[in-house]
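A.B. asks: what's the 3D shape of this:
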Amino acid sequence: MMRRRTAGSLAGLTTGITLILLYAPLAIVVLFSFHETASLSLPFTGLSLRWYREVLGSPQFRSALTNSLIVASSVSCVTLVIGTMAAAALSRAPSKLRTPLAFLFFLPITLPGLFLGISLLVFFVRVNMNLSLVTVGIAHTVYVFPYFFLLAKVALDRVDPALEEAGADLGAGGWKVFRHVTLPQIWPVLAGAALLAFALSFDEFLITFFVVGPDSTLPLYVWSSLRRTVTPAINTVSTVLMALTIGMWVGAFTLIWIRGLRTPASRAYLEVSP
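C.D. replies: Down below sits the predicted model:
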């Protein structure tokens with residue numbers, strides 16, 4: 001009994017220290033974003049929204065935020081379409097082709113961001129494509145696609161084939177079966193994966209650095225600001241970026257969790273009938 005208590009206390013202490021090491025830096029960043037002075041050291045003299053007013057009123061910040069939202073939204077939508085189509089095609093491909101195709105789809109996950117950024121930069125230069133937000137969107141799509149594809153494939157693999165077969169037996173075509181039988185079962189996972197793609201694209205810095213051209217995104221705005229000076233305004237931008245990213249992650253995992261609680265709808269059999 002004593003050994004169990006000692007082991008439990010040690011595990012609890014280790015867990016507590018680990019959580020402190022993980023979240024204390026984030027808490028400090030958020031805290032000093034409300035500091036009323038330009039100091040980034042203790043003692044903390046008081047709370048103020050001064051730096052939020054300064055950052056939110058900056059045209060450069062608003063432009064960078066808008067660019068990040070545009071790119072992340074576009075990447076999320078494009079990945080949703082092509083990722084779902086690719087996952088559906090792979091789930092119906094001959095068994096001997098599934099493993100090599102899956103390997104090709106997942107391969108970008110194993111590649112370092114530095115390698116992807118340089119490779120895509122060389123590719124865009126070779127095809128005479130001007131660096132812009134378009135090239136950033138293409139690069140981010142390459143980066144986030146495997147993550148979306150993995151979740152979409154898992155969701156499709158969990159669909160009961162008997163439901164799709166029943167829809168086909170009732171005379172529905174492939175698209176109608178997918179729309180009325182398959183999609184209602186997997187849409188929370190697809191939506192969650194799309195939010196995950198948004199979050200990954202929104203705060204991506206390394207790949208963006210190589211392919212962005214004259215434009216700027218929010219992570220690049222933070223980096224360029226750090227090169228000039230360090231003030232609580234940087235904490236403010238980082239807090240906004242962190243809040244948006246965490247919100248996307250929470251939304252993604254909430255939708256995936258909802259999918260885990262759902263059961264196949266029996267009305268799917270009726271919706272595909274002519």
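A.B. asks: In terms of pLDDT, where does Ala42 sit?
C.D. replies: Actually, residue 42 is Leu rather than Ala. With respect to pLDDT, Leu42 scores 68.
A.B. asks: Next, count neighbours for Val30.
C.D. replies: 15 (other CB atoms under 10 Å). C-betas here are computed from N, CA, C, even on glycine.
A.B. asks: meant to ask about Pro59, not that
C.D. replies: For Pro59, using other CB under 10 Å, the count is 7.
A.B. asks: how close does Pro214 get to His35?
C.D. replies: Distance from Pro214 to His35, counting by CB to CB, to the nearest Å: 33 Å.
A.B. asks: what do you get for Leu111?
C.D. replies: From Leu111 over to His35 the distance is 40 Å, taken as CB to CB.
A.B. asks: out of those two, which sits in the busier spot?
C.D. replies: His35 (21 against 13).
A.B. asks: check contacts around that one.
C.D. replies: Phe44, Thr45, Gly46, Leu47, Ser48, Trp51, Pro232, Asn235 (CB atoms under 8 Å, 6 or more residues apart in numbering).
A.B. asks: where's the dip in pLDDT among those?
C.D. replies: When the contacts of His35 are compared, Phe44 shows the smallest pLDDT, 68.
A.B. asks: For my notes, confirm Asn130 occurs in a strand.
C.D. replies: No - counting by DSSP: H, G, I helix; E, B strand; the rest coil, Asn130 falls outside a strand, being coil.
A.B. asks: could you list every residue that touches it?
C.D. replies: Applying CB under 8 Å, 6+ apart, the residues near Asn130 are Gly213.
A.B. asks: What distance do you get for it to Phe124?
C.D. replies: Applying CB to CB to Asn130 and Phe124 gives a distance of 8 Å.
A.B. asks: now Val222
C.D. replies: Applying CB to CB, the value for Val222 to Phe124 is 24 Å.
A.B. asks: ok, now Phe61?
C.D. replies: 27 Å.
A.B. asks: and if you look at Gln60?
C.D. replies: 25 Å.
A.B. asks: of the two, who's got more company?
C.D. replies: Phe124 (20 against 12).
A.B. asks: three-state assignment of the more buried one?
C.D. replies: helix.
A.B. asks: Tell me where the longest helix sits in this protein.
C.D. replies: helix 59-91 (DSSP state H).
A.B. asks: So which elements touch it?
C.D. replies: Helices and strands touching helix 59-91, as assessed by 3 or more CB pairs under 8 Å, 6 or more residues apart in numbering; DSSP states H and E, comprise helix 95-110, helix 133-157, helix 183-202, helix 218-228.
A.B. asks: Now distance to Leu13, mean pLDDT and mean neighbour count too, for the ones you listed, in CSV please.
C.D. replies: CSV is the format used below for these (distance: least, CB to CB, whole Å; pLDDT from 0 to 100; neighbours: other CB atoms under 10 Å):
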stretch, distance to Leu13, mean pLDDT, mean neighbour count
helix 95-110, 35, 81, 12
helix 133-157, 34, 90, 21
helix 183-202, 32, 84, 23
helix 218-228, 35, 81, 16
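A.B. asks: Regarding stretch 123-137, how distant is the last residue from the first?
C.D. replies: Chord length of stretch 123-137, first to last residue, is 14 Å (CA to CA, to the nearest Å).
A.B. asks: likewise stretch 198-208?
C.D. replies: Stretch 198-208 has an end-to-end distance of 14 Å (CA to CA).
A.B. asks: what's in contact with that stretch?
C.D. replies: Here stretch 198-208 has contacts from 68-69, 71-73, 75-76, 113-114, 116-117, 120, 136, 139-140, 143-144, 147, 217-220, 223, 241, 244-245, 248-249, 252, using CB under 8 Å, 6+ apart.
A.B. asks: What's the local residue count around Ile82?
C.D. replies: Close neighbours of Ile82, defined as other CB under 10 Å, add up to 14.
A.B. asks: Having no further points to raise, I will conclude here.
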